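Undergrad: Give me coordinates for this.
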Amino acid sequence: MKLNIANPTTGMQKLVEIDDDKKLLPFFDKRMASEVSGDSLGDEFKGYVFRIGGGNDKQGFPMKQGILSNQRVRLLFKKGMSCYRERRSGCRKRKSVRGCIVGPDLAVLSLVLVKKGAEEIPGLTDDNKPRRLGPKRASNIRKLFGLEKKDDVRQFVVRREVKEGKKSKAPKIQRLITPQLLQRKRYFKAQTRKRMEAGKQMKVEYMKRVAEYRQEQKEARAAEVAKKKKEKK
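TA: Numbering: from 1, shown residues only. This next block holds a predicted model:
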């Protein structure tokens, strides 16, 4: 079985092939998102803790979270479910997926490094691969640089160089609160309030007109009845 180990802190990834099934016994019958010690894999993995992220079986079917089985099942997928990409709007499809319990029939198991051990693993923990793109959302930029509400997020956005340092690009910051946005919100609120007040005023005028109309109808009816009585006499 191959183990695809990812280290989110350094951005590195390493593929390790394990031929001895005895080393993999602690991983068997564990579910996705479970944390497993890496001591059984060898001396270089002593003290390491991994989280099971997923995997593929020998026929290439992916593991799906929530299916409590160690074999393949056929499910009806729709938009928003993992292991499925909608090709046409509203389209559903029945597909085979592998259950979330680890077994010996897997070809690749994806692991995420949770806790680092004593020794360095070459190609995984000894180097640092910087992120090509920084965060885009305002709250995530604040979290990355430890900023406060009063700090200007636009000064801290991560820029990337294009065409060997000639130009630099920055993403458009999402959910950024600007004076224009606040002004627009105030304007829309005022518009809504104005419409509500106008609606109330129109309702009062309408009810007044309805009352007048009913009174006119009553008077007209009374006049008609009086006229008929007069004619009979």
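
Undergrad: Point to the helix or strand of this structure where mean pLDDT is at its lowest.
TA: Using mean pLDDT, DSSP states H and E, the weakest-scoring helix or strand in the chain turns out to be strand 160-162, at a mean of 82.

Undergrad: The protein: strands as residue ranges?
TA: With DSSP state E applied, the chain shows strands at 2-7, 12-17, 35-37, 49-57, 72-77, 93-98, 106-115, 160-162, 167-169, listed in chain order.

Undergrad: helices or strands up against the fifth one?
TA: Meaning strand 72-77. Using 3 or more Cβ pairs under 8 Å, 6 or more residues apart in numbering; DSSP states H and E, the elements in contact with strand 72-77 are strand 93-98. Heads up, the C-betas are built off the backbone N, CA and C, glycines and all.

Undergrad: Contacts for the strand it packs on next, please.
TA: Strand 93-98 is contacted from outside by 55-57, 61-64, 67, 71-77, 83-84, 106, using Cβ atoms under 8 Å, 6 or more residues apart in numbering.

Undergrad: among the residues you listed, which ones are buried?
TA: A residue is treated as buried here by neighbour count (16 or more other Cβ atoms under 10 Å); on that basis the buried members of the contacts of strand 93-98 are Gly55, Asn56, Asp57, Phe61, Pro62, Met63, Lys64, Ile67, Phe77, Cys83, Tyr84, Leu106.

Undergrad: Give me the distance between the residue nearest to the spatial centre of the chain and Glu86.
TA: If you average the C-alpha coordinates of the chain and look for the closest C-alpha using Cα atoms, centre = their mean, you land on Gly80, 10.2 Å from that point. Using Cβ to Cβ, to the nearest Å, one gets 8 Å for the distance from Gly80 to Glu86.

Undergrad: How about the contacts made by the spatially closest residue to Gly47 that is not a sequence neighbour?
TA: If the residues on either side of it in the chain are set aside, Gly47 comes closest to Gly117, at 2.9 Å by Cβ to Cβ, 6 or more residues apart in numbering. With contact set as Cβ under 8 Å, 6+ apart, Gly117 has these partners: Gly38, Phe45, Lys46, Gly47, Tyr48.

Undergrad: Now restrict the residues you listed to buried residues only.
TA: Buried members of the contacts of Gly117, counted by 16+ other Cβ under 10 Å: Gly38, Phe45, Tyr48.

Undergrad: Reformat those as JSON lines; add distance to Glu161 and pLDDT.
TA: As requested, the buried ones among the contacts of Gly117 are arranged in JSON lines below (distance: Cβ to Cβ, whole Å; pLDDT from 0 to 100):
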{"residue": "Gly38", "distance to Glu161": "37", "pLDDT": "91"}
{"residue": "Phe45", "distance to Glu161": "37", "pLDDT": "90"}
{"residue": "Tyr48", "distance to Glu161": "35", "pLDDT": "93"}
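
Undergrad: Just send the residues you listed back as CSV, with distance to Cys91 too.
TA: As requested, these are arranged in CSV below (distance: Cβ to Cβ, whole Å):
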residue, distance to Cys91
Gly38, 41
Phe45, 44
Tyr48, 42
